[in-house]
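Chemist: need a 3D model of the sequence below.
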Amino acid sequence: MQKKGLIMNRMNLIVMLTCNDYTIPNAIEVFESARHAPAQYWGAKEEGISRQELKKLFAAIRESGKSPVLEVVAYSEEEGIAGAKLAIECGCDILLGTGYFNSVNELCRAHNIRYMPFVGKVSGRPSILNGTAEAMLAEAEVYKARGVYGVDLLGYRYAGDCSALCGAVIPSAALPVCLAGSINSTAQLDEVRRLHPRFFTIGSAFLEHRFGEKIADQVAFVCSYMNHQ
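Modeler: Okay, the predicted model is just below:
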């Protein structure tokens, strides 16, 4: 079944209301200022604002007809389970991040949440990625066998040749890929468009006005640039 807002033959921008892997303090205000922008998916991290404010943010996203996304920058099973429970509580459509754990996958599957765990060796906050493309592709094969929806690739946070890694992983992965982290230029957008991941995220770059002035105008620009050229 096709999920609401997901168009299978196009890339889906996830607007992250985050900076340096933390949800921004005024995330609700920023979302309200740009809620009519064309992006369907809007996300936040599990850290940066209170649980109550995060629930308010995701409620506003849902009420606007948009799809809420939680990305959890944490690596232990306990943190992953907490993140999945938070995604369930907040009515999120997608859970990005966490190290992969069967327990987290089972929670997501039971509540119809698309789980996209990290591939590779991810550490720190802001997170960095290490590992080989071959190992990441092997992980994706294992996750597919376990019924996982997709994978979260921190391609532009890679401690190596980012373009080579993205070019090796995205077209060959056994599962849909979300290319997450540090996209901030039209040159990178050109590369992303060529590789065609199912999802890609932009957060800090919008706050830094890398694609224009108002958030809504930047989101509209990126959506148009990626899907109509």
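Chemist: wait, doesn't residue 119 sit right on residue 150?
Modeler: No - taking contacts as CB atoms under 8 Å, residue 119 lies outside contact range of residue 150: 9.9 Å. Using the backbone N, CA and C atoms, a C-beta is placed for each residue, glycine as well.
Chemist: more neighbours, those two?
Modeler: Ranked by neighbour count (other CB atoms under 10 Å), residue 119 and residue 150 place residue 119 first, with 27 against 24.
Chemist: and that one, what does it touch?
Modeler: In this structure, residue 119 makes contact with 131, 136, 139, 140, 151, 152, 153, 169, judged by CB atoms under 8 Å, 6 or more residues apart in numbering.
Chemist: repeat that with 10 Å
Modeler: Residue 119 makes contact with 100, 129, 131, 133, 135-140, 142-143, 150-154, 169, 173, 175, 177, according to CB atoms under 10 Å, 6 or more residues apart in numbering.
Chemist: can you check residue 14 too?
Modeler: 39-43, 67, 69, 71, 94, 96, 178-180, 199-203.
Chemist: give me the pLDDT for it.
Modeler: pLDDT for residue 14: 98.
Chemist: next: residue 1.
Modeler: On the pLDDT scale, residue 1 gets 36.
Chemist: what's the neighbour count on residue 20?
Modeler: By other CB under 10 Å, the burial measure for residue 20, its neighbour count, is 12.
Chemist: surely it meets residue 48?
Modeler: Yes - with contact defined as CB atoms under 10 Å, residue 20 reaches residue 48; the gap is 9.2 Å.
Chemist: show me where the protein has helices.
Modeler: For the chain, applying DSSP state H gives helices covering 27-34, 51-63, 77-89, 102-110, 133-145, 162-169, 186-195, 204-207, 215-227.
Chemist: low pLDDT regions in this protein?
Modeler: The chain contains residues with pLDDT under 70 at 1-9, 229.
Chemist: kindly recompute the last result at 80.
Modeler: Within the chain, the ranges that satisfy pLDDT under 80 run 1-10, 228-229.
Chemist: list the buried residues of stretch 45-64.
Modeler: 45, 46, 48, 49, 53, 54, 57, 58, 60, 61, 62 (16 or more other CB atoms under 10 Å).
Chemist: check the residues you listed and tell me the two furthest apart.
Modeler: Largest separation among the buried residues of stretch 45-64 by CB to CB: 48 and 62, giving 19.4 Å.
Chemist: with just CA atoms, put stretch 172-182 into PDB.
Modeler: Listed next in PDB are the C-alpha coordinates belonging to stretch 172-182 (Å, rounded to 0.1, in the frame of the first residue of the first chain):
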ATOM      1  CA  SER A 172      22.500  -0.600  -5.200                       C
ATOM      2  CA  ALA A 173      20.900  -0.700  -1.800                       C
ATOM      3  CA  ALA A 174      18.300  -3.500  -1.300                       C
ATOM      4  CA  LEU A 175      16.000  -1.000   0.500                       C
ATOM      5  CA  PRO A 176      14.800   2.600   0.000                       C
ATOM      6  CA  VAL A 177      17.500   5.100   1.200                       C
ATOM      7  CA  CYS A 178      17.100   8.300   3.000                       C
ATOM      8  CA  LEU A 179      20.200  10.400   2.300                       C
ATOM      9  CA  ALA A 180      20.400  12.500   5.500                       C
ATOM     10  CA  GLY A 181      22.700  15.200   6.700                       C
ATOM     11  CA  SER A 182      24.600  18.300   5.500                       C
END
